[in-house]
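Chemist: A predicted structure for the sequence below; I have some questions about it.
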Amino acid sequence: MLDIKFVRSNPEAVKENIRKKFQDEKLVLVDEVLDMDEQFRAAKSRGDALRAQRNAISKQIGMHMSKGEKDLAEQAKAQVAQIAQELEDLQVREQELTEQIRKRMLVIPQIIDPSVPVGKDDSENVEVCRYGDPVVPDYEVPYHVDIMERLNGIDLDSARKTSGNGFYYLCGDIARLHSAILSYARDFMIDRGFTYYIPPFMIRSGVVTGVMSFAEMENMMYKIEGEDLYLIGTSEHSMIGKFADTILDESALPQALTSYSPCFRKEVGAHGIEERGVYRIHQFEKQEMIVVCQPEDSADWFVKLYTNTVDFFRSLDIPVRTLECCSGDLADLKVKSIDVEAWSPRQQKYFEVGSCSNLGDAQARRLGIRIKGKDGNFFAHTLNNTVVAPPRMLIAFLENNLQADGKIRIPAPLRMYMGGKEYLG
């Protein structure tokens with residue numbers, strides 16, 4: 001959410017940012033906010049004047065009473081009552097305007113970083129760098145579900161009976177591999193100086209609207225019926241919410257955290273061949289990284305975060321690339337975002353396995369996350385990035401480590417979590 005002072009002083013810059021995101025239908029919101037803001041300030045100014053007038057008249061009442069001027073005292077009391085009624089009406093009006101302004105401000109997108117390429121959708125995202133050689137073996141690479149089934153590692157049919165489409169049972173070595181990847185990711189991030197967390201898996205609506213846009217919430221979040229609770233779509237939601245309404249001392253920053261959680265998502269609109277299997281599912285587990293830092297440090301942290309993911313995948317011999325998200329592909333709260341994509345030998349293309357986002361002060365402003373500075377308090381910057389999200393990562397892992405004889409090679413970093421095994425199958 002933008003600072004109203006910024007919108008007031010830079011309306012054309014806000015509109016140009018909206019145009020860059022190809023959301024021209026939101027241009028009218030800027031003018032509506034400015035008009036309502038002017039009405040709000042006028043109402044507040046009128047209220048201040050009335051309160052000063054009421055105080056002056058209230059003093060006169062005592063003077064009139066002491067002099068026995070009962071008629072004048074009654075007239076003054078009537079004026080005070082009239083002012084009180086007008087103040088009450090103004091207070092209601094101010095509250096209505098505040099709510100209407102906030103409603104619109106929550107929809108106006110964050111100002112994107114100047115380095116973000118302008119484009120309409122993800123088809124115009126820009127490749128930044130490739131890491132590792134994308135290899136296509138001279139033998140067939142089966143569909144990931146087929147690989148798992150050969151290893152007796154997945155049961156989709158039973159999951160459809162118990163829960164419906166978009167769910168799965170993992171079992172045996174595949175289930176162990178899934179847990180091994182998460183354990184390795186946890187230790188990988190701890191070794192890089194991040195503090196490990198297991199957060200709440202449900203959050204209140206106030207946190208939800210603080211960490212994401214309403215459209216994202218509607219398309220992603222599952223609500224607990226009859227309660228003000230939502231199942232998290234990622235542990236970032238809980239972890240950023242942890243700092244809501246807090247004032248952090250500069251000496252306590254940066255907060256570099258890594259968190260494990262199950263994730264629950266509606267996946268509205270998922271379709272196509274890669275939406276089958278375990279590519280897009282309603283329940284999965286993820287290791288996340290979150291940073292709360294000084295505004296001037298967020299650009300450096302952004303690079304550090306997506307580099308961590310690249311290094312993690314490369315440590316498991318999986319080729320990856322980084323892709324800069326264009327303006328039209330950025331969620332409204334994001335200043336800048338880079339996707340990490342893993343190589344799929346079967347599809348002979350890269351696919352997304354993680355996303356790194358710098359949200360500037362958007363979440364901090366919504367949730368009231370401030371830093372106590374020498375010259376006053378100011379909003380922190382927040383960032384998040386996926387370390388790894390199996391089982392989607394299992395697709396890349398199985399395809400890139402599949403051997404000609406059908407076995408799956410276990411890279412050295414995972415072997416201690418797999419009982420020393422070097423191969424599966």
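Modeler: That came through fine. Residues are numbered from 1 along each chain as shown.
Chemist: give me the number of residues near residue 391?
Modeler: 26 (other CB atoms under 10 Å). To be clear about C-beta, it is placed using only N, CA and C from the backbone, and glycine gets the same treatment.
Chemist: pretty sure it sits against residue 280.
Modeler: No - the criterion here is CB atoms under 8 Å, and residue 391 misses it with residue 280 at 10.9 Å.
Chemist: so where's the stretch 51-200 of the chain shaky on pLDDT?
Modeler: By pLDDT under 70, the stretch 51-200 of the chain has no low-scoring segment.
Chemist: show me the strands in it, by range?
Modeler: 126-131, 154-155, 169-170, 195-197 (DSSP state E, counting those that start in this stretch).
Chemist: just put these in TSV and tack on distance to residue 367 and mean neighbour count.
Modeler: Conversion of the strands of the stretch 51-200 of the chain to TSV gives the following (distance: least, CB to CB, whole Å; neighbours: other CB atoms under 10 Å):
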stretch	distance to residue 367	mean neighbour count
strand 126-131	30	13
strand 154-155	39	20
strand 169-170	35	18
strand 195-197	17	14
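Chemist: for residue 332, find the nearest of the ones you listed.
Modeler: Residue 332 sits nearest to strand 126-131 of all those, at 20.1 Å, using CB to CB.
Chemist: partners of that closest one, with directions?
Modeler: strand 320-324 (antiparallel) (DSSP bridges).
Chemist: now render the strands of the stretch 51-200 of the chain as TSV, adding distance to residue 91.
Modeler: Shown next, in TSV, are the strands of the stretch 51-200 of the chain (distance: least, CB to CB, whole Å):
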stretch	distance to residue 91
strand 126-131	50
strand 154-155	60
strand 169-170	57
strand 195-197	42
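Chemist: contacts only, for residue 134.
Modeler: 319, 343, 345, 348, 350 (CB atoms under 8 Å, 6 or more residues apart in numbering).
Chemist: I'd like to know how far it sits from residue 313.
Modeler: 12 Å (CB to CB, to the nearest Å).
Chemist: sitting in strands, which of the contacts of residue 134 do you find?
Modeler: 343, 350 (DSSP state E).
Chemist: circling back: mind listing the shared neighbours of residue 391 and residue 280?
Modeler: Looking at what touches both residue 391 and residue 280 (by CB under 8 Å, 6+ apart), there is no common residue.
Chemist: which of the contacts of residue 134 sits closest to residue 13?
Modeler: When these are compared against residue 13 (criterion: CB to CB), the nearest one is residue 350, at 34.6 Å.
Chemist: now the end-to-end length of stretch 149-165.
Modeler: 17 Å (CA to CA, to the nearest Å).
Chemist: isn't residue 337 right next to residue 323, touching?
Modeler: No - using CB under 8 Å, residue 337 is not in contact with residue 323, being 9.3 Å away.
Chemist: the two: who's more crowded?
Modeler: Neighbours per residue (other CB under 10 Å) separate residue 337 from residue 323, with residue 337 holding more: 24 against 21.
Chemist: so where do the strands sit in the stretch 301-425 of the chain?
Modeler: Under DSSP E, counting those that start in this stretch, the stretch 301-425 of the chain gives strands at 320-324, 336-344, 349-358, 369-373, 376-379, 381-388, 408-409, 423-424.
Chemist: please compute how far the second one lies from its chain's middle.
Modeler: The one in question is strand 336-344. Mean C-alpha position of strand 336-344 versus that of the full chain (CA atoms, centre = their mean, to the nearest Å) differs by 16 Å.
Chemist: list the pairing partners of that strand within its sheet, with orientation.
Modeler: Strand 336-344 is paired, per DSSP bridges, with strand 320-324 (antiparallel), strand 349-358 (antiparallel).
Chemist: how about the fourth one?
Modeler: Partner strands and pairing direction for strand 369-373 (DSSP bridges) are strand 246-249 (parallel), strand 376-379 (antiparallel).
Chemist: deepest-packed of those strands, please.
Modeler: strand 246-249 (a mean of 14; mean count of other CB atoms under 10 Å).
Chemist: tell me the buried residues in the following helix or strand past it?
Modeler: Using DSSP states H and E, the helix or strand that follows strand 246-249 in sequence is strand 255-264. Of all the residues in strand 255-264, those buried under the rule 16 or more other CB atoms under 10 Å are 255, 256, 257, 258, 259, 260, 261, 263, 264.
Chemist: what's opposite the second one in the beta bridge?
Modeler: Beta-bridge pairing for residue 256 (DSSP bridges): residue 291.
Chemist: can you give me the pLDDT of it?
Modeler: Confidence at residue 256, expressed as pLDDT, is 98.
Chemist: poorly predicted segments of the stretch 201-350 of the chain, please.
Modeler: Using pLDDT under 70, the stretch 201-350 of the chain drops low at 214, 268-276.
Chemist: circling back to that earlier point, TSV for the strands of the stretch 301-425 of the chain, including distance to residue 241?
Modeler: Shown next, in TSV, are these (distance: least, CB to CB, whole Å):
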stretch	distance to residue 241
strand 320-324	28
strand 336-344	20
strand 349-358	16
strand 369-373	10
strand 376-379	16
strand 381-388	11
strand 408-409	38
strand 423-424	38
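Chemist: wait, which of the ones you listed is closest to residue 62?
Modeler: Nearest of the strands of the stretch 301-425 of the chain (CB to CB): strand 376-379, 39.8 Å.
Chemist: from residue 253, how far out is the nearest residue in space to residue 204 that is not next to it in sequence?
Modeler: Residue nearest to residue 204 in three dimensions, not counting chain neighbours: residue 228, with 5.2 Å by CB to CB, 6 or more residues apart in numbering. Applying CB to CB, the value for residue 228 to residue 253 is 31 Å.
Chemist: so which of these two has more stuff around it?
Modeler: The neighbour comparison of residue 228 against residue 253 (other CB under 10 Å) goes to residue 253, with 16 against 12.
Chemist: and the more buried one, how far from residue 367?
Modeler: 16 Å.
Chemist: report the contact partners of residue 29.
Modeler: 104, 107, 108.
Chemist: other SSEs contacting the helix or strand where residue 289 lies?
Modeler: Assigned by DSSP H and E, residue 289 falls within strand 283-293. Counting contacts by 3 or more CB pairs under 8 Å, 6 or more residues apart in numbering; DSSP states H and E, strand 283-293 packs against helix 172-191, helix 235-241, strand 255-264, helix 298-315, strand 381-388.
Chemist: how about CSV for these, with distance to residue 4 added?
Modeler: Formatted as CSV, the helices and strands packed on strand 283-293 follow (distance: least, CB to CB, whole Å):
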stretch, distance to residue 4
helix 172-191, 37
helix 235-241, 22
strand 255-264, 27
helix 298-315, 22
strand 381-388, 19
